[in-house]
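Novice: give me coordinates for this.
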Amino acid sequence: MFVLLEKSMRVKSLLVTATLLIAPVICWGAGPEANPPDSLPTFRVTAAEVHVDFTAVRDKNQVVNNLSASDFQLLKDGRTVDQVSLEKYNDAPISALVLTDVSDSMAKAIPMERASADWLRSKTNPAKDRLAFIDFGEALASAEKPGYIRGHLTSVYDALFETLMGFGSKSSTRREIVLLTDGIDNNSLHSLREVITLAQRFDIAIYAITAHPGKKQFYEPDVLRYLCEQTGGKYYEARKLAAMLTATAAINDELRNGYAVVFRPDVASPGMHQVSLRPNQPGLRFYYRSAYFQPETPAEIASGE
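Specialist: Below is the predicted model of the structure:
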């Protein structure tokens, strides 16, 4: 069970606006065509159908918007599932939170981060989208008062953990966090594994962009790439503003256009099951969470403890 450690970080009421109802099935995995590690926790599902959300891209990470069920194979525990249906998200509303690192280590990159957040804000449809903006350094704060929490310490993992807790565990739609940071953490009480586990538990994908305009700026690409892959998101690097906005536009496109493959589980085989998506054509890749737990009885509910 997670124990939320007492700390000065508390999510503002802005996070409440991002809380949605959870999807009936929790699935997780580790990026394109990867199997989940053995250490992942066990979660239970009660739905009669399993939904695996995923994004399809081609070479140069171009989002695929015309995928059909004939373009891939779904495997459960290494065996092909013949009866599947494909649901498409076409220009779907965004349910996301933009988490911006404004600590001292990001001082030179903050203008690029702000431009990225402003670009996403400009593409928001208030009638449909649910998009919130939070800054963090040592603590969390609303981005409506940017810059006042600057400091030497950075709590990336705590900021993500608190943000995930603010999202909550119930949702009927896809939900994402867009993280703008260098990935350097020197003050968190929570760990990277705790963040990944909680994101998997709540079925929230994390996308990250590192803005590093200075050649001497230190950042943690391996950490951020691993974080994104484990939660079903993607990682981007940007040296210049144009590249930052290109990455932001790519994330916006992926958030609005994706798929869900749906199939009925075998009720006679409870326990942990791995799922994988295999492309039927070259150059096609998938990003998804790739495991689920089938309960012994419909009465079992998600606990994560």
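
Novice: in the stretch 151-300 of the chain, where is pLDDT below threshold?
Specialist: 151-152, 169-172, 216, 271-272, 290-300 (pLDDT under 70).

Novice: can you pull out the strands in it?
Specialist: Ranges of strands in the stretch 151-300 of the chain, per DSSP state E, counting those that start in this stretch, are 175-180, 204-211, 235-238, 258-263, 271-279, 285-288, 291-294.

Novice: what strands line up against the first one, and which way round?
Specialist: Paired strands of strand 175-180, with direction, are strand 95-101 (parallel), strand 204-211 (parallel) (DSSP bridges).

Novice: deepest-packed of those strands, please.
Specialist: strand 204-211 (a mean of 27; mean count of other CB atoms under 10 Å). Yep, even glycine has a C-beta here, placed from its N, CA and C like the rest.

Novice: residues in contact with that one?
Specialist: The set of residues external to strand 204-211 that reach it, using CB atoms under 8 Å, 6 or more residues apart in numbering, is 106, 109, 112-113, 116, 160, 164, 167, 174-183, 199, 219, 221, 224, 227-228, 231-238, 244, 247-248, 251, 254-255.

Novice: alpha carbons of it, as PDB, please.
Specialist: Only the C-alpha atoms of strand 204-211 are listed here, as PDB (Å, rounded to 0.1, in the frame of the first residue of the first chain):
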ATOM      1  CA  ILE A 204      -2.000   7.300 -16.800                       C
ATOM      2  CA  ALA A 205       0.600   7.700 -19.600                       C
ATOM      3  CA  ILE A 206       3.500  10.100 -19.000                       C
ATOM      4  CA  TYR A 207       5.000  12.000 -21.900                       C
ATOM      5  CA  ALA A 208       8.200  14.000 -21.300                       C
ATOM      6  CA  ILE A 209      10.100  16.700 -23.100                       C
ATOM      7  CA  THR A 210      13.600  17.900 -22.000                       C
ATOM      8  CA  ALA A 211      14.500  21.400 -23.200                       C
END
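
Novice: what angle sits between it and strand 258-263?
Specialist: 150 degrees (axes from the mean of the first three to the mean of the last three CA atoms, to 10 degrees).

Novice: what's the spacing between strand 204-211 and its chain's center?
Specialist: In terms of CA atoms, centre = their mean, to the nearest Å, the centre of strand 204-211 is set 7 Å apart from its chain centre.

Novice: distance to E138 added to the strands of the stretch 151-300 of the chain, as TSV?
Specialist: Shown next, in TSV, are the strands of the stretch 151-300 of the chain (distance: least, CB to CB, whole Å):
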stretch	distance to E138
strand 175-180	16
strand 204-211	19
strand 235-238	24
strand 258-263	34
strand 271-279	38
strand 285-288	32
strand 291-294	35
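
Novice: got TSV for the strands paired with strand 175-180, with distance to A56 too?
Specialist: Below are the strands paired with strand 175-180 laid out as TSV (distance: least, CB to CB, whole Å):
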stretch	distance to A56
strand 95-101	19
strand 204-211	14
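
Novice: of all the ones you listed, which lies closest to S68?
Specialist: strand 204-211 (23.1 Å; CB to CB).

Novice: still on that earlier bit, winner for burial among the strands of the stretch 151-300 of the chain?
Specialist: The most buried one of those (mean count of other CB under 10 Å) is strand 204-211, showing a mean of 27.

Novice: do you know how far V102 is from D182?
Specialist: 11 Å (CB to CB, to the nearest Å).

Novice: er, A242 actually
Specialist: Distance from A242 to D182, by CB to CB: 19 Å.

Novice: pick out whichever of the two has more residues nearby.
Specialist: Taking neighbours as other CB atoms under 10 Å, A242 and D182 compare with D182 leading, 23 against 10.
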